[in-house]
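Participant: Sequence below, structure please.
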Amino acid sequence: MNLIKSTGTFSFFTIISRLLGYVRDVLIAVFLGAGPLADVFFVAFRIPNTFRRLFSEGTLNAAFVPSYSSLLNNKKDSQKFANNIFNLLIVGLFFLVLTIEILMPLFVFLIAPGFEADSQKMQLAITLTRITFPFLLFISLASFFSAILNSHNKFGIASAAPIILNIFLIGVLFFGKILDDQLVYYLSYAVTLSGILQFIFLYLFVKKYFLPVFNLHIKIDSKVKIFFKKLLPSIFSSGVTQINILVGTVIASFQASAVSYLYYADRVYQINLAIAGIAIGTVILPQLSRHVQGNKKKKIKLIQNKALELSLFLSIPATIALLIASEEIISSLFGYGSFDELSVKNSAKALFCFAIGLPAFSLIKVFSTFFFARHNIKVPFYISLTSVLLNIFISIIFFKEVGFIIIPIATTISSWFNAISLFIFLKTNNLFSFNLVFINRFIKIIISSILMGIFFSYIIYFFNDKFIYQESFKSIYLVGVVILGLIFYLLIAILIKAFKRSDINLNY
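Facilitator: Reported below is the predicted structural model:
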């Protein structure tokens, strides 16, 4: 396996999905802005989408891949194990979705208690969430198929599946003017339909490696017990960033339009997180698990250092760029139609605070994978649980005084606590050590990022008048500025050898 090539494949489809997601969100901003309808739809969409991220961006990989990978030498055992998990997921998810559908008023109240003051808003949120929630069943099973494909080092198809969701939502949004107030209903139906199609799409590819057979006579052996024992902790461990965001949504529901501000800010930094954290963690897990099982210490050290290096190489310059131009970025991406100047400023404030935590969000994904490869879920779970409680404590204590902006601040603080705690545990238990190559590269990554930041700040200042809210073509200028900044960063990185082209051909 080549880490950079495999990450590149995963990232390519992820970037396409995120770019289509950007087009989707621009259209949502145009038609819904940051008003009541947008708040309600984002709550209805956030709930199943958070579960999607929890399952597809690490949870199933963390709980399933190490165990499944260890059985691949015996096809009969691996098929039996995978089929037992598949059948238990179908049964468990079906009854979970059915129960939530019945108890939806209570469920929405728990997720968005601030809507209770407006009965019309609450009722609409209940209706839309009922429509979108079946998405959870199909996307979770689709994510299970993705975990199997990842175990066989087939990352492209799994990362391409989410594109279907964005295509469906964009298709509906093109009729936004015609649908008017009915738009949110059609968007909600499109969410669930896309989940069904993602399930079918991945099934067509996974059947080469695994052919699921539905059977209620499930034998729960020791391997299955271990999987489900690891599943809940891995939800907290892998999905702590998403859980923190969901916590933020709950608290933000008490302030008008706050849910929307956070949503738009979240969409921007998630593009980098998908590559610098999620892609790297997903790609290294199967191979790292095999090396851990074979006790290949040199390979383990090499993969862990290279994963950390690549994560920082991608996340540090992105953080600097977001800190420098948070308002210009939000204005250029979403500042149209119903998304007014106040919405731009408030979303930009949230993005600035999230950006400070971006390296931590990525490091959590990478460090957690080092534990998962060793079948250690408990340590990331306890650290993540503490992180979530810290986030809730800070958000609740200061929300009345500071308002919605405390939510990204609390998320950032708790995420840095999480990342640093994981690192300390890895070091003190000799599960990770730096090699000389990483230390050398890290210093050069910092230098490259600082120089890029100076250059990026200058060109943002030079084109400042092109990013004002009233400017029609500001998104084109943003693309140009970002490309210039990226080229400058890569040239500096290659020049001072923070990145070597030979890395592309290095196998791990």
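Participant: Mind listing what's buried along stretch 248-263?
Facilitator: By neighbour count with 16 or more other C-beta atoms under 10 Å, stretch 248-263 contains the buried residues 248-254, 257-263. Just so you know, the C-beta spots here come from the backbone N, C-alpha and C atoms, and that holds for glycine as well.
Participant: Next, the residues that contact that stretch from outside, please.
Facilitator: 33-36, 38-39, 42-43, 46, 110-115, 245, 343, 346-347, 349-350, 391, 395-396, 399, 403-404, 407-408, 410-411 (C-beta atoms under 8 Å, 6 or more residues apart in numbering).
Participant: hey, where'd the helices end up in the stretch 351-500 of the chain?
Facilitator: Under the criterion DSSP state H, counting those that start in this stretch, the stretch 351-500 of the chain contains helices at 358-372, 378-402, 406-428, 436-462, 474-495.
Participant: before we move on, what about the stretch 101-250 of the chain?
Facilitator: 104-111, 119-132, 135-151, 156-160, 163-173, 176-179, 183-206, 222-238, 240-252.
Participant: could I get these as a markdown table with distance to N87 and mean pLDDT?
Facilitator: Shown next, in a markdown table, are these (distance: least, C-beta to C-beta, whole Å; pLDDT from 0 to 100):
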| stretch | distance to N87 | mean pLDDT |
| --- | --- | --- |
| helix 104-111 | 26 | 86 |
| helix 119-132 | 25 | 88 |
| helix 135-151 | 11 | 87 |
| helix 156-160 | 21 | 80 |
| helix 163-173 | 25 | 89 |
| helix 176-179 | 39 | 77 |
| helix 183-206 | 15 | 91 |
| helix 222-238 | 10 | 72 |
| helix 240-252 | 26 | 73 |
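Participant: about what we covered before: point out the most buried one among the helices of the stretch 351-500 of the chain.
Facilitator: Comparing these by mean neighbour count (mean count of other C-beta atoms under 10 Å), helix 358-372 ranks first with a mean of 27.
Participant: Mind giving me the packing neighbours of that one?
Facilitator: Helix 358-372 sits against helix 60-69, helix 222-238, helix 240-252, helix 258-273, helix 280-293, helix 297-324, helix 378-402, helix 406-428, with contacts defined as 3 or more C-beta pairs under 8 Å, 6 or more residues apart in numbering; DSSP states H and E.
Participant: Could you work out which of those reaches nearest to F201?
Facilitator: With distances scored as C-beta to C-beta, the stretch of the helices and strands packed on helix 358-372 nearest to F201 is helix 60-69 (16.9 Å).
Participant: Compute the inter-axis angle for the closest one and helix 135-151.
Facilitator: Angle, helix 60-69 to helix 135-151, by axes from the mean of the first three to the mean of the last three C-alpha atoms, to 10 degrees: 40 degrees.
Participant: now helix 60-69 and helix 222-238, what's the angle there?
Facilitator: Using the same axes, to 10 degrees: helix 60-69 against helix 222-238 is 150 degrees.
Participant: wait, isn't V23 in contact with I163?
Facilitator: No: look at V23 against I163 with C-beta atoms under 8 Å: they stay out of range, at 11.5 Å.
Participant: out of these two, which sits in the busier spot?
Facilitator: Taking neighbours as other C-beta atoms under 10 Å, V23 and I163 compare with I163 leading, 20 against 14.
Participant: Pretty sure the more buried one sits against L19.
Facilitator: No: checked against C-beta under 8 Å, the pair I163 and L19 is beyond contact range at 9.7 Å.
Participant: What is the longest helix of this protein by residue count?
Facilitator: For the chain, the longest helix by residue count, based on DSSP state H, is helix 3-32.
Participant: Right, I'll leave it there.
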